[in-house]
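*Asks:* sequence unavailable; structure follows:
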């Protein structure tokens, strides 16, 4: 494929998948360039059927890779009965429908896939899932090849399922589908029920619905152990995120706070949407019982984190309970939110004890 890239026409526009011309061939001949089987060469291999179809060669052949072409045509002289029998066997055998080469291009889908799929099924995850400061399964993810969320990186693994995030690039998703890669896009849950639905959604895509139900049951059991006295007045709280943002009503974080026995002042007292910037002066004037800093345990200094290290925060700690909660516990809608509820409930109990001390 002697061109610098492969271009696909889609609707009224086109998408460009970079394929460095001849790099795979040079590597085979020992002339440098990328190694054989690199994403660029893989890109060219996947795009070749599309190029031939456009020029008239092999017209009628679907531009899918071998895993998605479906069953071969029946043999001459009959054979439809055998084909029907094979189809019925496939329908009756869920194991045959399971994907065996899964690539995830999003942190949240990374973690769900690693929790739900059989060992060896997930072939690649994003690099951020290997960062223990931002991910919950970093050690498990570190054993797999990392990707940057690019289409050609996914295709290099010849996937029979690609998991993408809720805000994935529409052009990339369309391109994956056009070359025949099965794509499942996860959502961004805004409630605990949404988390349950998303776990079941990914489990079904992986052919593991029973594991999905087990994971939901495990999360619900942990949530049920967090005892909240409905007759006791709730303590107030506000979440402060990097860059001085907070979370308002209609968000997953807001429901997590409520489940932990806390009343989110940003949702009750401020006229804001789900996420909005709030000055430190406003935070101080609200006088929350618990101030929650949404940050990792260890983080390099940055302008985004500066608001969380402001001297005013240290002053507020003298008259209210200040607790840090790792962002990894509620960034994604996964079972790790149970730990977030547990930690916040413990912080609420500490704040009550502090208020009771003369």
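*Replies:* Good, I have the coordinates. Model, not experiment: these values are computed from the prediction.
*Asks:* from now on I want contacts and neighbour counts done on CA atoms only, so please keep to that.
*Replies:* Will do.
*Asks:* and stretch 247-257, what's buried?
*Replies:* For stretch 247-257, the neighbour count (16 or more other CA atoms under 10 Å) marks 247, 248, 249, 251, 252, 253, 254, 255, 256, 257 as buried.
*Asks:* hmm, who's touching it?
*Replies:* Contact with stretch 247-257 is made by 189-192, 239, 263-264, 266-268, 272-276, 330, 337, 340-341, 344, as judged by CA atoms under 8 Å, 6 or more residues apart in numbering.
*Asks:* now the buried members of those.
*Replies:* Using 16+ other CA under 10 Å as the burial test, the contacts of stretch 247-257 include 189-192, 239, 263-264, 266-267, 272, 274-275, 330, 337, 340-341, 344 as buried.
*Asks:* the residues you listed in helices, which ones?
*Replies:* Residues of these located in helices (DSSP state H): 192, 266, 267, 337, 340, 341, 344.
*Asks:* could you dump the residues you listed to TSV with distance to residue 198?
*Replies:* Formatted as TSV, these follow (distance: CA to CA, whole Å):
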residue	distance to residue 198
192	10
266	26
267	25
337	13
340	18
341	19
344	23
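*Asks:* which residue is the nearest non-sequential neighbour of residue 347?
*Replies:* Nearest residue to residue 347, sequence neighbours excluded (CA to CA, 6 or more residues apart in numbering): residue 323, at 7.0 Å.
*Asks:* in which helix or strand would I find the one you found?
*Replies:* Here residue 323 sits within strand 321-325, counting by DSSP states H and E.
*Asks:* other SSEs contacting that strand?
*Replies:* Contacts defined by 3 or more CA pairs under 8 Å, 6 or more residues apart in numbering; DSSP states H and E place strand 321-325 against strand 290-294, helix 337-356.
*Asks:* the stretch 201-350 of the chain: strands as residue ranges?
*Replies:* Under the criterion DSSP state E, counting those that start in this stretch, the stretch 201-350 of the chain carries strands at the ranges 235-240, 245-247, 262-264, 275-277, 290-294, 321-325.
*Asks:* still on that earlier bit, distance of the residue nearest to residue 347 from residue 190?
*Replies:* Taking CA to CA, to the nearest Å as the measure, residue 323 falls 23 Å from residue 190.
*Asks:* just residue 221 next, same as before
*Replies:* 20 Å.
*Asks:* next one: residue 212
*Replies:* Residue 212 sits 19 Å away from residue 190, going by CA to CA.
*Asks:* then residue 101?
*Replies:* Noted for residue 101: a distance of 30 Å to residue 190, by CA to CA.
*Asks:* repeat that for residue 209.
*Replies:* Computed as CA to CA, the residue 209 to residue 190 distance reads 22 Å.
*Asks:* before we move on, what about residue 119?
*Replies:* 30 Å.
*Asks:* where does pLDDT dip in this protein?
*Replies:* In the predicted model, the chain carries pLDDT under 70 at residues 1-96, 297-304, 306, 358.
*Asks:* residue nearest the centroid of it?
*Replies:* In the chain, the centroid-proximal residue (CA atoms, centre = their mean) is residue 108; its distance is 2.1 Å.
*Asks:* show me what contacts it?
*Replies:* 165, 332, 333, 334.
*Asks:* dihedrals phi and psi, it?
*Replies:* The phi/psi pair for residue 108 (degrees, to the nearest 10) reads phi -70, psi -40.
*Asks:* please, which helix or strand holds residue 125?
*Replies:* Assigned by DSSP H and E, residue 125 belongs to strand 122-126.
*Asks:* and that strand, which residues are buried?
*Replies:* For strand 122-126, by 16+ other CA under 10 Å, it's 122, 123, 124, 125, 126.
*Asks:* and stretch 172-188, by the same measure?
*Replies:* 172-173, 175-176, 178-188.
*Asks:* of these, which is the nearest to residue 232?
*Replies:* Of all the buried residues of stretch 172-188, residue 188 has the smallest distance to residue 232: 32.2 Å, by CA to CA.
*Asks:* show residues contacting stretch 322-331.
*Replies:* By CA under 8 Å, 6+ apart, stretch 322-331 touches 133-136, 253, 290-297, 316, 336-337, 339-340, 343, 347.
*Asks:* this completes my enquiry, with thanks.
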